[in-house]
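In: Turn this into a structure:
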Amino acid sequence: MTSRWRLTPLWLCLLPLVPTMFSQEANRITRNTQLTDCGKNADRRYAVCRGAWSGKTVALFNTWMAPDTNPGRRLDLPSPDGKKVIQVRGFHVRLSVSGKRYWTPFGNMHDAEVGWAPDSTRLFVTWSESGELGPWHTEVYDVTEAGLVEISGVTRHVRADLIRRMKGAPLPKWVATPEGRAMWSSLEYCGDDVVGSEWLNGSSEILVAALAGPDSGCKYMGDFVVYRIEVATGKILQTYSEKDAQGTFGNEDLPRVDADHDDL
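Out: Modelled structure (predicted):
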């Protein structure tokens, strides 16, 4: 019994989803044609597509499923000030600064999407270990004249907070039946997925969404909590429920609110 996050890469339709026993609807990103020139007929080798998770990111590889590759990929993704460029050639990704090119780890990150900070001094990358089902990670980097420098541990407090919230949240309505209670007891608390949404206050803060789980083996599958984090310290400055986050920041850069009316 398997379910997937229903996300929409902007160059290709997803495979049909396998329904779950309890009809829990997973999150998806809807297409935003104002933010991308992508479409079914676009050449994904060259198309500049928004990321699957956020309209403020750009997909580096235009891939989605784990086995998928795009060896002819060509992309130059400049910083807002135009002085730095992320260059993608196949799965080789380099940072160009002041005429010099530096290696980046992004070529080893499946389905990577990058969001430049407005001041061009930092960027974040959201990527998956194995394609659509993740686990998904968000990493943050300083962009210097000597290349990228990772700011480690920016999201390190998120997983523990998400699981704490799940353990204290009301049970979903479907758990009220004897069959539901038996099923619930067999599920796990999943909190390994963190996806980047946008920069806040220049490059000093980042907004991320933590996902409760991508499949029907997870409690609260399809739900998420949004975190505003201080980049330098990893301190969680503020948390938002799904509906509060979308009311505050809109829905272009966040997962879609689940239809089950749960709220962590």
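In: In a strand, V143, correct?
Out: Yes - under DSSP: H, G, I helix; E, B strand; the rest coil, V143 sits within a strand.
In: residue contacts, the nearest residue to I151 once chain neighbours are set aside?
Out: Spatial nearest neighbour of I151, chain neighbours left out: V140 (4.6 Å); criterion: C-beta to C-beta, 6 or more residues apart in numbering. C-beta here means a position set from N, CA and C on the backbone, and glycine is covered the same way. By C-beta atoms under 8 Å, 6 or more residues apart in numbering, the contact set of V140 is R122, L123, F124, E150, I151, V154, I206, V231.
In: try 7 Å this time
Out: Shown here is V140, whose contacts under the criterion C-beta atoms under 7 Å, 6 or more residues apart in numbering are R122, F124, I151, V154, I206, V231.
In: gap between the second one and A245?
Out: According to C-beta to C-beta, to the nearest Å, F124 and A245 sit 17 Å apart.
In: what about the two, which has more around it?
Out: The neighbour comparison of F124 against A245 (other C-beta atoms under 10 Å) goes to F124, with 29 against 25.
In: Using the three-state scheme, assign the more buried one.
Out: F124 ends up strand, using three-state DSSP.
In: my guess is it meets G115, correct?
Out: Yes - F124 is within contact range of G115, at 5.1 Å (criterion: C-beta atoms under 7 Å).
In: what do those two both touch?
Out: Common neighbours of F124 and G115 (C-beta under 7 Å, 6+ apart) are G196.
In: so the spatially most central residue of the chain is in which element?
Out: In the chain, the centroid-proximal residue (C-alpha atoms, centre = their mean) is V195; its distance is 2.9 Å. Under the criterion of DSSP states H and E, V195 resides in strand 193-200.
In: Next up, phi/psi of V175, please.
Out: phi -80, psi -10 (degrees, to the nearest 10).
In: In contact with it, which residues?
Out: By C-beta under 7 Å, 6+ apart, V175 lies in contact with R181, W184.
In: ok, now E139?
Out: For E139, the contacting residues are F124, V125, E150, by C-beta under 7 Å, 6+ apart.
In: could you dump those residues to TSV with pLDDT and distance to R45?
Out: Compiled in TSV, these are given as follows (pLDDT from 0 to 100; distance: C-beta to C-beta, whole Å):
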residue	pLDDT	distance to R45
F124	98	25
V125	98	20
E150	98	29
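In: tell me which of those residues is nearest to K173?
Out: Closest approach to K173 among the contacts of E139 (C-beta to C-beta): F124, at 35.7 Å.
In: Show me what that closest one bridges to in the sheet.
Out: Taking DSSP bridges as the rule, F124 bridges to G115, V140.
In: which residues does it contact?
Out: F124 makes contact with G115, T138, E139, V140, G196, I206 under the criterion C-beta under 7 Å, 6+ apart.
In: Export those as TSV, with columns for distance to Y46.
Out: TSV is the format used below for the contacts of F124 (distance: C-beta to C-beta, whole Å):
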residue	distance to Y46
G115	20
T138	26
E139	26
V140	28
G196	24
I206	29
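In: Would you reformat those as CSV and include pLDDT and distance to M221?
Out: Formatted as CSV, these follow (pLDDT from 0 to 100; distance: C-beta to C-beta, whole Å):
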residue, pLDDT, distance to M221
G115, 98, 26
T138, 98, 20
E139, 98, 25
V140, 98, 27
G196, 98, 21
I206, 98, 25
